[in-house]
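# A predicted structure for the sequence below; I have some questions about it.
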There are 2 protein chains.
Amino acid sequence: MVVHLIRKLQNYAPLSEEERSALQDLSNRRQRVLNSRDDVIAQGERPGFVNLVLEGFACRYKILPDGRRQILSFFIPGDLCDLHNEVLGVMDHSIGAISPLRIAQIGSDEIEAVMTRFPRLSRAFWWNELVGEAITREWLANLGQRTGAERVAHLLCETFVRMRAIGLVDAAGACPFPITQADLSDALGISIVHTNRMLQDLRAEGLIVLKGRALQVDDLGALMRLANFEPSYLHLRRHDGEEAGDPAEMHRETTA
Amino acid sequence: MVVHLIRKLQNYAPLSEEERSALQDLSNRRQRVLNSRDDVIAQGERPGFVNLVLEGFACRYKILPDGRRQILSFFIPGDLCDLHNEVLGVMDHSIGAISPLRIAQIGSDEIEAVMTRFPRLSRAFWWNELVGEAITREWLANLGQRTGAERVAHLLCETFVRMRAIGLVDAAGACPFPITQADLSDALGISIVHTNRMLQDLRAEGLIVLKGRALQVDDLGALMRLANFEPSYLHLRRHDGEEAGDPAEMHRETTA
DNA sequence: CGAGGAGTTGATACATCTCAAAAAATGTGG
DNA sequence: CCACATTTTTTGAGATGTATCAACTCCTCG
């Protein structure tokens, strides 16, 4: 659904009908469906396309020489991967599907054309890229400074807020969350067992319900406090965080 | 010294005399000198300039709500900070001087003009940005997957190789290294005490000599092996790493 | 209904942290 | 160039967060 991308970009600037349909076009031309754990593109390959996540979760990850895996970021619907990576030539990391995944493969030239035609869209893409970098920096702080419990809580906050921003949190305060505990631990730099225990602590305190590939946040404020989560790095419009908020509001936009 | 920037960019593409003097120009207009620990720009401020490090080390860092500090990257001579950060508006992190520092402050418009006039230089700047992001990703893997000893070794490898690439490693295999152990530990996510002990292990094994704000690497191969250091993410020309190499080679370029 | 993936549990080991203080290096003003 | 103040590095010892190993249970899905 390109609507997720549109919702996200509108955090930066409102888009015209024309701009929105240009995005719709881009995403309709060439699509690809993958299973969980399939690679969108692997370390060592040359990027041919810009990938737009339409449905499902993906991740950027890196395998160390000795086999350890670090997940570098999660992609949720509306996320754009590797807008500029062709400049480097060879991928120094991989992109893989976390869940069943549908993506649009967009040629660099097609993106280029749209960006030339719609300068505001071009700036919105830029903004989007920079927010991605800000998230990576926050992850660095997460791994470097926070305890296991904080890391887990922080990642849940981040993902939940990002999902909310694209309208994927429902009225009950729940959203799809297909990330396994093994994936979480590779993202957070802690063991699976420890991840499991930290999640149970969060459950025991009544902050979250996490089961069946879905995450429900019952007390976002408390979760944010526990994590030292300060959402400004996401550069979204709403920085409140007091309560999960009125989910109805998230549906205000046209559903493309 | 703009020569460091030039050397670095020439890892991507050779630059003409004209292009090099354009860079020289950029860096001569407006300069600024700071003491250790001064901020170049602080979290919350709006970036006004692109900063080019001419002499000394700086770092990008982030202060968590509860005061903990994470260093996100180190800047060495020739590094360009925040080529595009004006898009985000407000800095979500700070840039501070690690050592006495001299920087050039370049207006976005001046950079813009040069990039328009010299497309190859423009692509070189791009490449430079992307290498910066690749380094950040590697740091994530470093914090998430490596042990304390490996982290220390890895950061030393990275810094040493980057210094070598801009010609700042001397014939004895030594380079300036003004980073304190406290800084190292904030970058690596381990305590000062542990950092100290890991450094001593490296010394005891005869891999490095680190004292008086200088780092000498005596066995780069062994250090790289210990760290699981795989330099391809730096996207430099020489990926050997067998021995510190012939430093004379690094002086082949004109000294601007 | 069976199989493999995902989640959970308990027990033990160890890497790393914390606290506290000394030693060494560095900078500064007289 | 010395004396003092400050920062940085080093050391020791005890506390603890997290990893590891191994087993078991519970899902999910074909």
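Sure, I can see it.
# What's the mean pLDDT across stretch A:164-176?
The pLDDT scores in stretch A:164-176 average 96.
# Likewise for stretch A:2-18?
Mean predicted confidence for stretch A:2-18 is 96.
# cool, stretch A:65-73 as well?
Stretch A:65-73 comes out with an average pLDDT of 95.
# Report the buried residues of that stretch.
A:Arg69, A:Gln70, A:Ile71, A:Leu72, A:Ser73 (16 or more other CB atoms under 10 Å in any protein chain shown). In this view, the C-beta of every residue, glycine as well, is placed from N, C-alpha and C.
# Which members of those residues occur in strands, if any?
Those of the buried residues of stretch A:65-73 mapping onto strands are A:Arg69, A:Gln70, A:Ile71, A:Leu72, A:Ser73, per DSSP state E.
# Need these in a markdown table (columns: distance to A:Val33).
What follows is those, written out as a markdown table (distance: CB to CB, whole Å):
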| residue | distance to A:Val33 |
| --- | --- |
| A:Arg69 | 24 |
| A:Gln70 | 26 |
| A:Ile71 | 22 |
| A:Leu72 | 23 |
| A:Ser73 | 21 |
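# filter those residues by proximity to chain B?
Residues of these in contact with chain B (CB under 8 Å from any CB of the partner chain): A:Arg69, A:Gln70, A:Leu72.
# Make CSV out of those residues and add distance to B:Leu23.
Formatted as CSV, those follow (distance: CB to CB, whole Å):
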residue, distance to B:Leu23
A:Arg69, 39
A:Gln70, 35
A:Leu72, 32
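# Of these, which is the nearest to A:Asp186?
Nearest to A:Asp186 out of these is A:Arg69 (CB to CB; 5.0 Å).
# can you pull the contacts of the nearest residue to that closest one once chain neighbours are set aside?
In this structure, A:Arg69 finds its nearest non-sequential neighbour in A:Asp186, 5.0 Å apart by CB to CB, 6 or more residues apart in numbering or on different chains. By CB atoms under 8 Å, 6 or more residues apart in numbering or on different chains, A:Asp186 lies in contact with A:Tyr61, A:Arg69, A:Gln70, A:Ile71, B:Gly144.
# Report pLDDT for A:Asp186.
Confidence at A:Asp186, expressed as pLDDT, is 98.
# tell me which element it is part of?
Using DSSP states H and E, A:Asp186 sits in helix A:181-188.
# after that helix, next one along is what?
helix A:192-204.
# Output the below-cut-off pLDDT ranges for the stretch 101-250 of chain A.
Within the stretch 101-250 of chain A, the segments meeting pLDDT under 70 span A:238-250.
# Show me what from it comes close to DNA strand D.
Proximity of the stretch 101-250 of chain A to DNA strand D, by CB under 7 Å from any atom of the strand, involves residues A:Thr147, A:Gly148, A:Ala149, A:Gly189, A:Ile190, A:Ser191, A:Ile192, A:Val193, A:His194, A:Gly212.
# how about a cut-off of 10 Å?
Counting by CB under 10 Å from any atom of the strand, the residues of the stretch 101-250 of chain A close to DNA strand D are A:146-152, A:178, A:185, A:188-198, A:211-214.
# Show me which of those are buried.
Neighbour counting by 16+ other CB under 10 Å classes A:146, A:148-152, A:178, A:185, A:188-190, A:194-195, A:198 among these as buried.
# Got the domain ranges for chain A?
Chain A breaks down by automatic domain parsing into domains covering A:2-131, A:148-251.
# Indicate whether the last one makes contact with DNA strand C.
Okay, so that is domain A:148-251. Yes - against DNA strand C, domain A:148-251 shows contacts by CB under 10 Å from any atom of the strand at A:177-185, A:191-200, A:203-204, A:210-213.
# Show me how far that domain is from its chain's centre.
12 Å (CA atoms, centre = their mean, to the nearest Å).
# Just the buried residues of the helix or strand harbouring A:Asp109, please?
For A:Asp109, the element it lies in under DSSP H and E is helix A:108-117. Residues of helix A:108-117 classed as buried: A:Ser108, A:Glu110, A:Ile111, A:Val114, A:Met115 (neighbour count, 16+ other CB under 10 Å).
# Perfect, I'm done here.
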